[in-house]
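>>> here you go, sequence then predicted model.
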Amino acid sequence: MPPVDHVVTSGTFSLDGGTWDVDNNVWIVGDENEVIVVDAAHDLEKITEAVAGRRVVAVVCTHAHDDHVNQAPALADRFDAPILLNPAEAPLWEMTWPDRRPDRELNDGDVLTAGGVTLRAITTPGHSPGSTCLYAEDLGTVFTGDTLFSGGPGATGRSFSSFDTIIDSIRGRLLTLPGDTAVRTGHGDSTTIGTELPHLEEWITRGS
């Protein structure tokens, strides 16, 4: 099995009184024996099928919008795995799971391993207060959740978000990675750091 696999799941995202249909990327990182699941969204059975009987080391949430965490407790329970989330995400997490807390904090610089793959947490607030990317240096890959997409930054027009903060996070924490680093996003197509670098000034101009 490849060290990075994923499934696309479909459901809804709700916040600030609105609900939208969304397709989410659920990333599965590791080897034939054990994996980390990044952003358990919408479809427990589809994610379970992709795990394919491997040990789940952790269910990692890049942030706590409901479309990224709505299957986290069920998946964690099914595989007896901890849920990891940055503590600044608590207000968003509690909107979906008021009676269930994450099992462990995910803080900047934390290192996770599964199947010989190492992921380092890079805190990138802006889309939400504790949004966190996961950098697999040996694979030349970063999992960006909803912080960086193909074509620009994640949305910042809703509660607990900030355009200036997400631009600072992308500029200071992500665009410093090697240009050929693959960007595996929370929604839509993958891209690379080098591809997104020219777009930053355009977004700064647009937002100012």
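Done, it's in. Numbering: from 1, shown residues only.

>>> from now on I want contacts and neighbour counts done on CA atoms only, so please keep to that.
OK.

>>> and the strands in the protein?
Applying DSSP state E to the chain gives strands spanning 4-15, 18-30, 34-38, 55-60, 83-85, 104-105, 111-114, 117-123, 132-136, 141-145, 148-149, 152-153, 182-185, 191-192.

>>> closest to residue 204 out of those strands?
Counting by C-alpha to C-alpha, residue 204 lies closest to strand 152-153 out of the strands of the chain; the figure is 10.3 Å.

>>> contacts for that closest one, please.
146, 147, 166, 167, 170, 196, 199, 200, 203 (C-alpha atoms under 8 Å, 6 or more residues apart in numbering).

>>> now swap in stretch 106-124 and tell me
The contact list for stretch 106-124 (C-alpha under 8 Å, 6+ apart) reads 3, 29-36, 57, 84-87, 130-139, 147, 166, 169-170, 173.

>>> list buried residues within those.
29-31, 34-36, 57, 84-87, 130-136, 147, 166, 169-170 (16 or more other C-alpha atoms under 10 Å).

>>> pLDDT score for the closest residue in space to residue 89 that isn't next to it in sequence?
Nearest residue to residue 89, sequence neighbours excluded (C-alpha to C-alpha, 6 or more residues apart in numbering): residue 130, at 5.2 Å. Looking at residue 130, its pLDDT is 98.

>>> any figure for the gap between residue 130 and residue 8?
Distance of residue 130 to residue 8, computed by C-alpha to C-alpha, to the nearest Å: 24 Å.

>>> can you check residue 150 too?
Noted for residue 150: a distance of 16 Å to residue 8, by C-alpha to C-alpha.

>>> so where's this structure shaky on pLDDT?
Segments of the chain classed as low confidence (criterion: pLDDT under 70) are 207-208.

>>> could you pull up the residues touching the closest residue to residue 165 other than its chain neighbours?
Nearest residue to residue 165, sequence neighbours excluded (C-alpha to C-alpha, 6+ apart): residue 126, at 4.6 Å. By C-alpha under 8 Å, 6+ apart, residue 126 lies in contact with 147, 156, 161, 162, 163, 164, 165, 166, 167, 169.

>>> may I see the PyMOL selection of the buried members of the residues you listed?
Of the contacts of residue 126, the buried ones can be selected in PyMOL as follows, counting by 16+ other C-alpha under 10 Å:
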select buried, resi 147+156+161+162+163+165+166+167+169
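
>>> nearest to residue 40 among the contacts of residue 126?
Using C-alpha to C-alpha, the contacts of residue 126 come closest to residue 40 at residue 147, 16.8 Å.

>>> touching, that closest one and residue 154? I think so.
Yes - under the criterion of C-alpha atoms under 8 Å, residue 147 makes contact with residue 154 at 4.8 Å.

>>> show me whatever sits in contact with both of those two.
Here residue 147 and residue 154 share the contacting residues 127, 166, scored by C-alpha under 8 Å, 6+ apart.

>>> where's residue 142 relative to residue 4, distance?
11 Å.

>>> which one's more surrounded, the two?
It is residue 142, of residue 142 and residue 4, that has more neighbours when counted by other C-alpha atoms under 10 Å, with 24 against 16.
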